[in-house]
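Q: Build me a structure from this.
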Amino acid sequence: MQHMRTRKWLHSHLHASPITGNLEVSCFGGDRESDTGDYRRLEIEGNGKTWRQDQKIRLQHVDTGGYLHSHNKKYSRIAGCWDI
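A: Model (predicted):
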């Protein structure tokens, strides 16, 4: 997943977030800088291969097997964080 304006990738790290203890995720790299920390697998609810509007999805990090999720814990200097 790449942020459209900054062109940075949603990147998973192999170290824990100091707030949650889960693996940390950040924005990293760019169009010419990427590695396997940026790779995610899209899992679609049910057996279909086409994502329909009414289906839930999950994003699994390829290297760690962890799933992206959100929470309400926040760093004091930024709006929020994502963990896998």
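Q: can you give me how far the longest strand along the chain is from the chain middle?
A: Criterion DSSP state E: the longest strand present in the chain is strand 9-16. Remark: strand 9-16 is offset 8 Å from the chain centroid, using CA atoms, centre = their mean, to the nearest Å.
Q: now stretch 28-35
A: Worked out by CA atoms, centre = their mean, stretch 28-35 lies 15 Å from the chain centre.
Q: Can you list the buried residues in that stretch?
A: Buried positions in stretch 28-35, judged by neighbour count with 16 or more other CB atoms under 10 Å: 28-29. In this view, the C-beta of every residue, glycine as well, is placed from N, C-alpha and C.
Q: Quote the end-to-end distance of it.
A: 10 Å (CA to CA, to the nearest Å).
Q: buried ones in the longest strand of the chain?
A: Neighbour counts over strand 9-16 (16+ other CB under 10 Å) mark 9-12 as buried.
Q: Enumerate every residue touching the spatially closest residue to D35 that is not a sequence neighbour.
A: Take D35 and drop its neighbours on the chain: the residue closest to it by CB to CB, 6 or more residues apart in numbering is G29, 7.5 Å away. Listed by CB atoms under 8 Å, 6 or more residues apart in numbering, the contact partners of G29 are 8-9, 11, 35, 38.
Q: Following the longest strand of the chain in sequence, what is the next regular element?
A: Once the chain leaves strand 9-16, the next helix or strand it forms, by DSSP states H and E, is strand 23-28.
Q: This completes my enquiry, with thanks.
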